[in-house]
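[1] Structure of the sequence below:
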Amino acid sequence: MAEEKSNRDRIADIKARMNHKPSKSSGEPLTKWQRIKQNINDHIKEYATAAIITAGIVGGYFTLDYLVKRQDYPIRNTVLNTKYMVEVAGNKEKRAAEKADRATIIKYYGGGSEESKINAQIAETRRDKRGNLETYTMYDEKNERVIRSALKNERFQIGLRINGATTYKEESSEILVPLEKRMPKRYMVYKVDPERGWKQNDIDVVEFPFERGLKENEPGIIGEILQEDGTSKKGIKIMINRLVESRNALGWFRGSHYRDGTLLQDFLNAPTNKELAKNFLQGTGLLDSDLSTPENAKLAKEFLGLPEKADTPTREDLVSKILKIEKKMDRKTIYSSREDGFFKWLPQDSTIYLGEDPGFWKKTKHHLFGWTRNESDILRVDNNWNFFPWGLSSGNYPLLDEIPIGKGRDRFYPFDKYNNGGYTIKDKFGKIAKIEIKDFWFKYGQDVIYNYYFDLNGDGKINKKTELIGSVLCTPTHDEKAEIEKLAAGIIPENDLTVTTLFSFMAPPNVSKEKGWDYFKMCAYVETIVADAVRRGDGQHSLLRILNDQRSDEILRREPSVENVSRALTAESILAAKYDIVRVLIESKRPYAEKIARDYGIYDEFKGQFQPSNLLEEKIELGPLPEIGLALAAGVGGLYYLKRRHRTKTEMNIANRLDKLKTK
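    Numbers count the residues shown, from 1 in each chain. Predicted coordinates for the structure are as follows:
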């Protein structure tokens, strides 16, 4: 036994020596082949480490080169290309934004084709602001005027007034190209803007050729109309509608920036309105006259119902009188909107009532509780927020927004983008349209693209793959921090400044030019509905106002009419709004489109186009208070369940212990 054990030990020792590998650290001598193998392994490790480091450096360099390099976003199937330039006169008083002269010049170029992405210049518009005078002019490809508009402000205050000064604005717009004989070529806007107050009033008056005639009970007059060459010609003036911009409590002190909502109403054809319109237009004529002359002073006293020996009336007296006259007129509501938010720092949601102007309590009930909301025809515009931590997406990140990346042509600010992700229009059947605002972390610098989607099949949903109706690429000529945002905030540079941005309005892929143009106009109709967002889209919350100006200009150029003049000059497209709303409801196949058209009095113009969808189902929406109540009830119920479960478990443990004691 001892000899067998000794043999086993010797065999184990030999195997151990065979498996033992000498190393440099052990101090044992290496064989020739072991030294060669060891050297090869050491070199492989060194080269592998060097290769990994080199690959990392090279890969990192090319990755950074790819991400940081300024590339051009692909532009295809363009309907319109524009060059948008803002020229601002420098002013050391940076807070005095209203004192700085400004000119906005837009050059329009034809859309591309298969051979090119841009064609020759087709038009140019100028929007100038010089002191208290604002002008708008459109030129054709021959540099001849085709549209002109001028707005003059008059600010006055007589003595101590709780409302402060009153600004009376009169805007006159005219189409200078030939139109059909009975079509109107000119329209006027009379605006009253108090320094402190709850609302601002705009009244729209359209001037028709005498050949049109004045229908029975229309709120208008037949009289002499001053022409551009200084002569007078008999024509017709008709009061069309009124726009009221309401303000919140902060806006009472600070002005229309703190808007609370918008009310658009048409004046009705009624006997009382006919006489009131005559008085209103007489008052606006007196406001344009020289009240210091005895003849005009006498007419003003008669208009105000003052005795002949009374003091000469003031402009404030006349403005107050015409507002009282306008308030008495019978009207029908096109829409009323309520804008969310109070301080207006961030993009806001809004609620739009079609054909209705509900009172405060009804709006509050609908907003907070959602009760009986579906009994009204309501459109809801939701803002889509786009910011960390709600999503790792490009936006404006404080402290990081001042950090640039890249040099020269490739320099840009990846953290200085828009937090506004866009807007969605919804009703009780689902989604109608969506405007998506998309910017980029890398590759495309400060570019922003606006994608417009529309519920084309009438199912209350938005399919991004099949329901795109247009895109707009916004490209600053220099990828620096957007100066246009500073201008929108009222910050005026110390030196003269020119900001240039290129815009490409693109149709969806694989659509004809005719269909692309129809979609182009559909985007404008959608913008009419989100008028509250468009008003703040001058670079502060988005670029929607800037896009809408250019889109409206092109529609006016191709289809000149006073309705499209109002589209180009106002965010609300005042004269065209009711038509735009009905077109959106028809194209989205809403069941109540016909009802709204009848309420607006324009059913005959859309007769035969109403095709309600069978795919739509009415949804019940709750307001925030019921949702909060349900959440609290669920929370209380959950706590009660956990507490009861804990009590039951405790009682069972006690019972088990008692049973054990009894058995012992």
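[2] show me what contacts residue 438?
    421, 422, 448, 449, 450, 451 (C-beta atoms under 8 Å, 6 or more residues apart in numbering). The C-beta positions use only the backbone N, C-alpha and C, and glycine is treated the same way.
[3] quick one: which two of those residues are the most distant?
    421 and 449 (12.2 Å; C-beta to C-beta).
[4] joint contacts of these two?
    Common neighbours of residue 421 and residue 449 (C-beta under 8 Å, 6+ apart) are 437, 438.
[5] Please, where are all the helices along the stretch 151-300 of the chain?
    Under the criterion DSSP state H, counting those that start in this stretch, the stretch 151-300 of the chain carries helices at the ranges 249-254, 271-287, 294-304.
[6] For those, give me TSV that also has distance to residue 321, mean pLDDT and mean neighbour count.
    Listed next are those as TSV, based on distance: least, C-beta to C-beta, whole Å; pLDDT from 0 to 100; neighbours: other C-beta atoms under 10 Å:
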stretch	distance to residue 321	mean pLDDT	mean neighbour count
helix 249-254	23	75	15
helix 271-287	6	91	18
helix 294-304	6	88	16
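[7] Out of those helices, flag the one nearest residue 379.
    Nearest of the helices of the stretch 151-300 of the chain (C-beta to C-beta): helix 249-254, 23.2 Å.
[8] burial of the closest residue to residue 315 other than its chain neighbours, as a residue count?
    Leaving out its chain neighbours, the residue that sits closest to residue 315 by C-beta to C-beta, 6 or more residues apart in numbering is residue 156, at 5.3 Å. By other C-beta atoms under 10 Å, 12 other residues sit near residue 156.
[9] and residue 156, what does it touch?
    165, 166, 168, 314, 315, 316.
[10] Next: residue 105.
    85, 87, 124, 125, 126.
[11] Try it again at 7 Å.
    Contacts for residue 105 (C-beta atoms under 7 Å, 6 or more residues apart in numbering) come out as 85, 124, 126.
[12] Give me the mean pLDDT for the strand ranked longest in the chain.
    The strand that spans the most residues within the chain, counting by DSSP state E, is strand 232-247. Averaged over strand 232-247, pLDDT sits at 89.
[13] just checking, residue 557 touches residue 110?
    No: in this structure, residue 557 is not within contact of residue 110 by C-beta atoms under 7 Å, at 11.1 Å.
[14] The two - which one has more neighbours?
    residue 557 (21 against 17).
[15] which residues does the closest residue to residue 428 other than its chain neighbours contact?
    Nearest residue to residue 428 in three dimensions, chain neighbours excluded: residue 374, at 4.8 Å (C-beta to C-beta, 6+ apart). Applying C-beta under 7 Å, 6+ apart to residue 374 gives the contacts 428, 618, 620.
[16] Got a quick ChimeraX command for the buried subset of those residues?
    Buried residues within those, by 16 or more other C-beta atoms under 10 Å, are selected in ChimeraX with:
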select :428
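[17] Okay, and which of the contacts of residue 374 map to strands?
    Using DSSP E, none of these sit in strands.
[18] As JSON lines, the contacts of residue 374 with pLDDT would be great.
    Formatted as JSON lines, the contacts of residue 374 follow (pLDDT from 0 to 100):
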{"residue": "428", "pLDDT": "90"}
{"residue": "618", "pLDDT": "85"}
{"residue": "620", "pLDDT": "74"}
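[19] possible to save the contacts of residue 374 as TSV with distance to residue 287?
    Shown next, in TSV, are the contacts of residue 374 (distance: C-beta to C-beta, whole Å):
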residue	distance to residue 287
428	45
618	49
620	51
